[in-house]
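Enquirer: fold the following for me, if possible:
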Amino acid sequence: MGSEGSSKVTIHVTGFKKFHGVFDNPTETIVSNLREFMEKKGFPKGLVLGSCSVLEVAGEGAVASLYQVLESAVTGLDVESLETGQVIWLHLGVNSGATKFAIENQAINEATFRSPDELGWKPQRVPIVPEDGCLSRTRETSLPVDEIVKALVNMGYEVMHSNNAGRFVCNYIYYHSLLFAERHKIKSIFVHVPLFYTINEEQQMNFVASLLEVLASLR
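Expert: From the prediction side, this is the model:
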């Protein structure tokens with residue numbers, strides 16, 4: 001890793017609202033407070049913090065609003081801007097049973113929700129993007145997950161590489177985001193965080209700040 005020239009990396013961040021079984025979603029708190037936290041901490045060289053959005057925990061019924069959020073990353077950008085800089089979507093979701101952070105390498109074209117989403121949808125073995133074919137179809141991030149994990153571990157965080165983002169809304173959003181990123185020649189990555197009960201808010205805010213630093217240093 002290392003910075004080259006004076007190019008900037010613009011990182012847009014999303015988190016989620018509450019959902020069934022998780023009434024205090026840490027990612028909503030993180031994303032809501034992230035800009036102020038980074039302004040106090042200081043932005044890493046080359047990083048531009050773009051939008052910070054909190055999404056409804058919903059699949060099909062929230063696709064239109066999801067794409068409005070995703071489109072905000074490329075609206076007004078010309079081809080030259082996309083080629084000389086980088087645009088990254090960083091999606092944060094909670095895994096209530098986790099004890100460490102997980103960098104998700106891929107999403108799978110399957111929606112099988114263990115409980116209804118916040119709009120009442122409960123699909124079972126439904127393709128997220130029917131045009132992509134079978135349920136086992138995967139889309140992978142173009143970012144170097146192993147390199148990101150190694151850098152964060154070296155900073156003292158407990159982080160793992162994951163190839164399974166589940167089959168609930170986190171995976172659903174990630175699959176759409178990876179498809180969008182491929183079409184628009186930008187990048188997308190999803191990170192699962194534990195509950196604040198497991199890793200407290202201050203540690204998680206510092207983790208996300210370090211993650212932004214690592215992402216901004218990638219070339």
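Enquirer: drop to CA atoms for contacts and neighbour counts, all remaining ones
Expert: Fine.
Enquirer: and the helix or strand encompassing Phe207, C-alpha only, in CSV?
Expert: Assigned by DSSP states H and E, Phe207 falls within helix 201-217. The C-alpha coordinates for helix 201-217 follow below in CSV (Å, rounded to 0.1, in the frame of the first residue of the first chain):
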residue,chain,number,x,y,z
GLU,A,201,-18.4,2.5,20.7
GLU,A,202,-15.1,4.3,21.1
GLN,A,203,-13.1,1.2,19.9
GLN,A,204,-15.5,0.8,17.0
MET,A,205,-15.3,4.5,16.0
ASN,A,206,-11.5,4.2,16.0
PHE,A,207,-11.7,1.0,14.0
VAL,A,208,-13.7,2.6,11.3
ALA,A,209,-11.3,5.6,11.2
SER,A,210,-8.4,3.2,10.8
LEU,A,211,-10.4,1.4,8.1
LEU,A,212,-10.9,4.6,6.2
GLU,A,213,-7.1,5.3,6.5
VAL,A,214,-6.3,1.9,5.1
LEU,A,215,-8.8,2.2,2.2
ALA,A,216,-7.5,5.7,1.3
SER,A,217,-4.0,4.3,1.1
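Enquirer: what bridges to the spatially most central residue of the chain?
Expert: The structure's the chain has its C-alpha centroid closest to His91; by CA atoms, centre = their mean the separation is 1.5 Å. Here His91 sits in beta bridges with Thr14, Phe190, as judged by DSSP bridges.
Enquirer: kindly provide the distance from it to Asn171.
Expert: To Asn171, His91 is 10 Å away according to CA to CA, to the nearest Å.
Enquirer: same question, Glu60
Expert: Applying CA to CA, the value for Glu60 to Asn171 is 12 Å.
Enquirer: report the contact partners of the residue nearest to the centre of the chain.
Expert: Applying CA atoms under 8 Å, 6 or more residues apart in numbering to His91 gives the contacts Val13, Thr14, Gly15, Tyr174, Ser188, Ile189, Phe190, Val191.
Enquirer: farthest-separated two in those residues?
Expert: Based on CA to CA, the longest span within the contacts of His91 runs between Gly15 and Ser188 and measures 13.7 Å.
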